[in-house]
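In: what would the 3D arrangement of this be:
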Amino acid sequence: MKKLSVAVAVCAVLASSYASAEVRINGFASIVGGKSLEDDRGRYGYDDDISFKNESVFALQLSTDLQEKLSATAQIVARGNNDFDAEFEWAYLTYEFNDEFQLSAGKMRVPFYRYSDFIDVGYA
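Out: Numbers count the residues shown, from 1 in each chain. Below is the predicted model:
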């Protein structure tokens, strides 16, 4: 939670200096419920009571153009198996040198052909 507070403070400082920047907010949710039909043992983290925590996910993605060639992107994810504690899944800055070359720096997933952009969503 302390990391989230620091990240929000940094975003607020950046946002104040770029108050006219257009922020795009996208989100997704995957609500999954389950229950084990066997009383004596559970399966995949489920027991004989219905639960929505094991595989449910909620997320917000924020992106903005800070300057003509500089953009910022962040994704905040809350997973049920983590008591829905929100964490930055990734947050990075991208500078576009030209149409063919860009440089990104920050916290990112391994970019397997952009698979990491929609791994939690389920489809693209």
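
In: and the helices in this protein?
Out: 2-17 (DSSP state H).

In: which regions of it sit below the pLDDT cut-off?
Out: 1-21, 39-44, 110-124 (pLDDT under 70).

In: span of stretch 61-75 from start to end?
Out: In stretch 61-75, first residue to last residue: 4 Å (C-alpha to C-alpha, to the nearest Å).

In: buried residues of that stretch, list them for me.
Out: In terms of neighbour count (16 or more other C-beta atoms under 10 Å), stretch 61-75 has its buried residues at 61-62, 64-66, 71-75. Bear in mind the C-beta positions are built from the backbone N, C-alpha and C, glycine included.

In: what of stretch 84-92?
Out: Here stretch 84-92 shows 89-91 as buried, counting by 16+ other C-beta under 10 Å.

In: between the residues you listed, which sits nearest residue 31?
Out: Relative to residue 31, the closest of the buried residues of stretch 84-92 is residue 89; by C-beta to C-beta it sits at 18.1 Å.

In: ok, the closest one to residue 51 distance?
Out: 23 Å (C-beta to C-beta, to the nearest Å).

In: how about residue 98?
Out: According to C-beta to C-beta, residue 98 stands 50 Å off from residue 51.
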